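> Got a predicted structure plus its sequence, pasted below:
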Amino acid sequence: MAREVAGRLKKIPPYLFADIEARVRAKRAEGLDIIDFGIGDPDIPTPKEIVEELRKQVKDPANHQYANSQGEMETRRAVAEWYMRRFGVDVDPEREVVITMGSKEGLVNMCRAFVNPGEKVLVPDPAYPVYAQGGTYLSEGVPERTPLLPRNGFLLDIDSLPTDGKMVFVNYPNNPTGAVASKEFLKRVVDWGRKSETIVCYDNAYSEITFDDYLAPSILEIGRDCIEFGSLSKTFNMTGYRIGFAVGDADLVAGLKRVKSQVDSGVPKFIQKAAIKALSEYECIERPPSVERNCEIYKGRRDALVAGLRDLGFKVTPPLGTFYLWFEVGGASMEFAKRLLEVGVVVTPGVGFGEYGEGYVRMALTQPVDRIEEALKRMKRVLLTA
Ligand code: PLP
């Protein structure tokens, strides 16, 4: 008997990277040395103080039982204290903070909490695919693509946003473009959200990965009637731990908590304790040494890759945030990615982030400089013999 999945799941377009992933597997099986700039997953280990804390906490049987689905009070307090030290924003850990299983879970369940079938969700294009797919489609909402254009510095064009959406996702420092937003821009977003009565979901997962003296703001510095999603994944190289948070308007947080109480039973307590240790490393707005070191590493890689790509003739702007380079390749992004794969270099075709991503590719700075140099040599070989 054929088992058909639900219509809402069928609406999710076929996974664009399936073909390229199959080719990567085949190349690996052939023994080709692969240099992978595809996935946004830090190659740098979690700082050892955090791993030590986890080891200690996992041994304590008190941490083996169900956690609270909204996050232990101690963890929510640590997030609130981090918001005060990092952004100067005072939030109530009881009503305005929820701990999520990575920010991805929070973004998806936010749609479940607030989007009714058929309602519009404004989704940037290009963007992290989860907003449209796991978020909007699985809640039976309708994604409305709003372009991020190079002429606007990849910022949302606020004046042309539809005003009949239920919710908008805004993400800076931005995946995949690396663009960052000023407080003036965020003020326009907040004002627009109020005027159009659209729920503003601000994805600040890359707030701590910034360069050249740029520090990313929180949207809550500008307005409190939004919800902001943060993550320990990229800041502390903790992608596999699955812990993040959502902070903001008490009603929005309450809606998210209500869904979570029906879906999950909380991030394991020992992971929450490790997260408290990580957040407590921040003493003020400045990054602690472990996070600073990360950013220094990414900056060195960014500069090496930007210089090499420029030598190859590409126009690349060094991003002020995120660990991604986003640049135009002068043709179809999938074809470009396939050509590079022939010499074992994996990049992500921009079309995978939306139709406005076509013509671009994204390279994650998750390879050390010597591998970047090796990849550039191979790229030169394949691109200059075309
Ligand atoms: N938001 C953006 C823009 C991302 O790029 C990612 C992951 O790549 C996430 C959210 C989710 O991160 P996590 O669920 O690990 O917190």
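Nice, I can see it. Residues are numbered from 1 along each chain as shown.

> Residue 331: what's its closest spatial neighbour, skipping adjacent residues?
residue 359 (7.2 Å; CB to CB, 6 or more residues apart in numbering). For the C-beta atoms, the positions are set from N, CA and C on the backbone; glycine is no exception.

> That neighbour - how many residues pack around it?
When counting by other CB atoms under 10 Å, one arrives at 16 neighbours for residue 359.

> That one reaches residue 336, doesn't it?
No. If you go by CB atoms under 8 Å, residue 359 and residue 336 don't touch, sitting 9.1 Å apart.

> could you measure residue 201 against residue 130, distance?
Relative to residue 130, residue 201 is positioned 11 Å away (CB to CB, to the nearest Å).

> Counting neighbours, go ahead and name the busier of those two.
More crowded of residue 201 and residue 130, by other CB under 10 Å: residue 201, with 28 against 19.

> Near the ligand, which residues of the stretch 51-200 of the chain are found?
Proximity of the stretch 51-200 of the chain to the ligand, by CB under 6 Å from any ligand atom, involves residues 102, 103, 104, 128, 171, 175.

> out of those residues, what pair is the most spread apart?
102 and 171 (14.8 Å; CB to CB).

> Of these two, which one has the most company?
Neighbours per residue, other CB under 10 Å: of residue 102 and residue 171, the larger number sits with residue 171, 25 against 22.

> quick one on the thing from earlier: give me the common contacts of residue 359 and residue 336.
residue 329 (CB atoms under 8 Å, 6 or more residues apart in numbering).

> Starting from the ligand, give me the distance back to the closest residue to residue 217 other than its chain neighbours.
Excluding the flanking residues, the one nearest residue 217 by CB to CB, 6+ apart is residue 183, at 5.3 Å. Plainly put, residue 183 is 20 Å away from the ligand if you go by CB to the nearest ligand atom, to the nearest Å.

> OK, contacts around residue 183?
By CB under 8 Å, 6+ apart, the residues touching residue 183 are 217, 221, 222.

> I'd guess the first one is in a helix, am I close?
No. When classified by DSSP: H, G, I helix; E, B strand; the rest coil, residue 217 is found to be coil rather than part of a helix.

> Tell me who's in contact with it.
Here residue 217 is in contact with 87, 181, 183, 186 (CB under 8 Å, 6+ apart).

> Per-residue confidence, the second one, what does it come out as?
In this model, residue 181 is scored at 98, pLDDT.

> where along the stretch 1-150 of the chain do the strands fall?
Secondary structure of the stretch 1-150 of the chain (DSSP state E, counting those that start in this stretch): strands at 35-36, 97-100, 120-125, 142-147.

> and the helix or strand that comes right after the last one, which strands flank it?
Towards the C-terminus, the helix or strand next in line after strand 142-147, according to DSSP states H and E, is strand 167-171. Each strand that pairs with strand 167-171, with its direction, by DSSP bridges: strand 120-125 (parallel), strand 199-203 (parallel).

> May I see these organised as CSV, with distance to residue 233 added?
Formatted as CSV, the strands paired with strand 167-171 follow (distance: least, CB to CB, whole Å):
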stretch, distance to residue 233
strand 120-125, 20
strand 199-203, 12
